[in-house]
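S.K.: Need coordinates for the below:
(one chain, ligands or ions: 2)
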Amino acid sequence: MDVPLVGRSEELGRVLAALELAFAGSGGALLLAGEAGIGKSRLAAEALTLARQRGFVTLQGAAYPLQADLAYAPVLEALRPFLAGLEPGGLAALVRGLPDLGRLFAGLHLPPPELLGDADLERTRLFEAVSRLIERVAAERPLALLVDDLHWADAASLELLHYLARGLAGQSESLRGAYRLEEARTHPGLRTMVRSLQRLGLAEELPVGALSPEAVAALARALLRGEPPPALLGALHARAAGMPLFVTALIRGLRDTGELVRSGGTWVLGGEAVTALPPVVRDLVLARLERLDPVGRAVLELIAVAGDAASPAVLARVVGPEAGDLETVLRQLRESGLVAEEPAASGVVYRTAHPLVAEVAYDELPESRRRRLHAGVAAALEALRPGDLDRLAHHYQGAAWEADPPRALEVLVAAGQRAEEVHADAEAAGHFAAALALARADRPAMVAELLERLGHARSRSGQLAAAVAAWSEAARQRERSGDRPATARLRGLLALVEWDRGRSDAAEAQLAAGFQAVEGTGADLELTDLHYIRLHLLTRAGDIARIEAEAAVLLALPEPTGTQRAVAEAHLARADMAFLRGNFAAAREHGQQALAVAEQAGISTLAALAHRRISAAAANAGHHRLAREHGLADLALARQTGSPTLELSARFGMLMIDMHTDAWEDVLRNAGELLAQGYRTGSARGVADALASRALVLANRGRPEDAGRCLAEAREVYGTAAAADRRVFAVVEIAEAMAALAAAVP
Ligand SMILES: Nc1ncnc2c1ncn2[C@@H]1O[C@H](COP(=O)(O)OP(=O)(O)OP(=O)(O)O)[C@@H](O)[C@H]1O
Ligand SMILES: [Mg+2]
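M.R.: Ligands and ions are numbered 1, 2, ... in the order given. Purely as a prediction, here's the structure:
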C-alpha cells in the first residue's frame, strides 16, 4: 500500500537545507527525534530518497528492537552492501592503509592491524579507520548515512557514530539518525551522544511532532482511497492525536473487524466501536495480533524473536514441516500489513512492518516459549550460518537453558572475545556475563577465568563498580584454590580500577594484598606487574619522591623478571621525574634507555613516548636540532601506529619545539592543524593545547584581546577537566599570563 507522505513540508525543508549544506562540503548530523509511531522512519526514508535524487550515495542501517548486544550492527548493515557492491580495484583503493577495517568487514584482504597494547588507542584507531573510509567515499560523491532506531543501538555503534559526526565539518557527508524521544531520555549512551554533538554544534535535532488535523484527514483519505466518514475523523482527532501509526493501525483494525465498511460508494463507520477504542497504541497492536490465527501468530512471534535473522530458510527450519505451508502464512501476514519483506545481502528477510509490532509480540510471549524460540533460531543458524558468531551469541543469550549448554558456552565465549577485538566492550561484557551464568551450573572450572574476562570488559566499558564485583569474586576463588599468582594479578587489576573510582585507600589495600599473595612464590611476572601498577598509581598522584623509589625498585629487579613494557615505562617515569627537577641531561638519558628497551621489544607506542621525552629534554637544554629530530621521529611513529590520539600529542610536541625556536609562523600553522584534529577526534586536550599555542603567538605579537578570545574558548572546551589535568592545563595558564603581560596587566 503506497500512501503518500502527508504534512511534513516544514521538516522536509530542513532536511533539504541540510542536504544542500552537505553538497557544498559542509556536512552535519540531523537527528530526528519523536515519540514511537510519529513518523520518524517515514520522514527519514523520504530524506534519503531526496538525497539519492541529488546524486548522493545513500547508506542505511537500523538497530533492531531487543538486539542491543550486537556490536556495530546498524553501522555494519549500512556499509556492508555498499562495500560488497564495489569492484575489487575500487574496494582495495578505498580501504588501503586502514587495516582495522579487516576486523569489521570480511573479504577486504588487509593485513592484521598492529597491536598497540592499549585498548583505548586501538579503539580510536578503529573509529578513525571507519571515518577515513567514509571520508574517501564522500570525496568522490556526497554521501548520506542513515541509522534508524538509535535508541536500540549498541554502545559501540553510538560511540562510533559520535566519532563519525565529529569528522563531518568540511565533508560532503550528511549523517541522519532517528530515535524515540521517550526512550532516549532513559538511555544514557544516546543522551550523552546527542548532548555532546549539540554542544559541539555538530548536530541538529529535528523534532518530529504530531500531524495536523488536515494531514491526518489526508492520510485517512489516502489509506481508504476515498472520503473518510466525519465520525472517523472526529475519533482520529480525539484519539490518535496526530500520530500516523495510530491512524494507520486504527483504520486497518476497524476494517479488519468490519466496523468500517464501504457501502453505497462511501465509507461508513458502524456502531459505537470508536468509543470503545483502546487508549494506547500498544493495545491497538495487541488487538491486531489477537485477530491472527494461531499459526499466523506463531510465525509472527518467531519473526519478532529472530530479528534480523528472519530469512525464509531460518523460519522454515524453526517452524518445521508440521506448520503447513509457510509461504502462505507469510503471504497472509504481509497482506495483513503486519509483516514486510525486505531485500538482504542473501535473499530476503522478514521484518515486522513496524518495530512496535515486534516489541509487543515479543513482550507477550511467555518466558519459556521465548527461550525455546531463541533456541530454535540458534539451531537454525548453526546449520545455515555457523560462522555468524554475533547472531548465534544473541540467540544463545536469549535461549538461556533451552539450548545445548556446552555449545552455547563456547559460542558466547568466542563472541565475547571477538567483541573485545573490535573494542565493543559493553557487548563483550554482555556475552561474558551470559557465558558465566551457564558456566556456574555447567562448568564450574571456567568460572574464575570468565569472571576475570568479564571484569576486563566491564572496566573498559566504564562499568567500574561491576568490574570490581567480578574481579573480587574471581580473586576470592583463586585464593581458595591456592592459585597465588592469579590472586596477585587480580589484586593488581582491582587496585587500578579502585583508583579510577577515586578510592585510593582501597587501591592501596588491594596492592598490599597482591604483594602478600605473591610473596615467596617466585611468580616474577606478577611481582613486576604489581610494582609497575604501584609506579603507575604514584605517577598519577604526582608523588615525586616515591616515584623515584618505585622506579628504582622496578629497574633493580633481575633481568628476566621485568617485562620489557614495565621496564621501559620505569625509564619513562624516571625521565619525567628528572625533567620536573630541571635535570634535562638526566631526563634525556632515561629517555634514551626507555627508547632502547621499547625498540628492542618492538613496542612502537612506547618508543614514540620515549622520543617525546628526549625531544622535550633536548629542547629545554637548548639542543634544538636534536629536539626536532626526536620530535619528528615521535610524529612518524605515532602516524605509523595509526592512533589519532598519539599523533595529536606528537604534534603538540612539535609545536613546543617551534615555540622554543621562535618559529612563530610554524606555530600558527601547526596550531591550526592541531585544532582541526582535536575537534575531529574529540580531544579537549588537543583543542586546548592548540588554542593556547595560538594565544601565545598572538600575545607575543601584541594582540592580547585576540589571545584572550582563544584562551576563553580553551577554558570552555576543557571545562572541569582542567583541575584534574594540571600538567597540560599549565600551558593554557602560561598563555594567559603572557596575554596579561602583553595587555600591560602584570
Ligand atoms: N507523514 C506521513 N505520511 C504518511 N504516512 C506516514 C507519515 N508518517 C508516518 N506514516 C506512516 O505511519 C506509520 C508509522 O510511522 P513510522 O514507522 O515512520 O514511525 P516512527 O516514528 O519511525 O516509529 P518508531 O519510533 O516506532 O520507529 C508508518 O506506517 C508510516 O508509513
Ligand atoms: Mg521508526
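S.K.: OK, contacts around R703?
M.R.: Residues counted as contacts of R703 (CB atoms under 8 Å, 6 or more residues apart in numbering) are A742. C-betas here are computed from N, CA, C, even on glycine.
S.K.: And the strands in the stretch 151-300 of the chain, which stretches?
M.R.: Counting by DSSP state E, counting those that start in this stretch, the stretch 151-300 of the chain has strands at residues 173-180, 203-207, 260-263, 266-269.
S.K.: Count the neighbours of the residue in the stretch 1-150 of the chain that ligand 1 sits nearest to for me.
M.R.: Nearest residue of the stretch 1-150 of the chain to ligand 1, counting by CB to the nearest ligand atom: G39, 2.7 Å away. When neighbours are counted by other CB atoms under 10 Å, G39 registers 29.
S.K.: Identify the residues contacting the residue nearest to L711 when sequence neighbours are not counted.
M.R.: Of all residues not flanking L711 in the chain, A695 sits nearest, at 4.9 Å (CB to CB, 6 or more residues apart in numbering). Counting by CB under 8 Å, 6+ apart, A695 touches 706-708, 710-711, 714, 735-736, 738-739.
S.K.: With Y679 instead?
M.R.: By CB under 8 Å, 6+ apart, the neighbours of Y679 are 166, 169, 200, 687.
S.K.: what mean pLDDT would you report for the helix or strand hosting it?
M.R.: Element membership of Y679, judged by DSSP states H and E, is helix 664-681. Averaged over helix 664-681, pLDDT sits at 85.
S.K.: what do you get for stretch 24-35?
M.R.: 87.
S.K.: contacting residues around G253?
M.R.: 284, 287-288.
S.K.: One more: G347?
M.R.: Counting by CB under 8 Å, 6+ apart, G347 has contacts 311-313.
S.K.: out of those residues, which is most surrounded?
M.R.: That'd be S311 among the contacts of G347, by other CB under 10 Å, with 21 neighbours.
S.K.: A304 reaches Y362, doesn't it?
M.R.: Yes: counting by CB atoms under 8 Å, A304 does reach Y362; the two are 4.6 Å apart.
S.K.: Tell me which of the two has more neighbours.
M.R.: A304 (28 against 18).
S.K.: Could you single out the nearest of the contacts of G253 to ligand 1?
M.R.: Using CB to the nearest ligand atom, these come closest to ligand 1 at L284, 12.0 Å.
S.K.: Residues of the stretch 101-250 of the chain that sit close to ligand 1?
M.R.: Where the stretch 101-250 of the chain comes near ligand 1, counting by CB under 6 Å from any ligand atom, the residues are 149, 180, 219, 244-245, 248.
S.K.: and those, which two are the farthest apart?
M.R.: Spanning the widest gap among those are D149 and L219, at 22.0 Å by CB to CB.
S.K.: higher neighbour count, the two?
M.R.: Higher neighbour count among D149 and L219: L219, with 25 against 21, using other CB under 10 Å.
S.K.: which residue packs closest to that one, ignoring adjacent ones?
M.R.: With CB to CB, 6+ apart, the residue lying closest to L219 is V6, at 4.9 Å.
S.K.: try A249
M.R.: Per CB to CB, 6+ apart, closest to A249 is L284, 4.8 Å.
S.K.: Perfect, that will be all.
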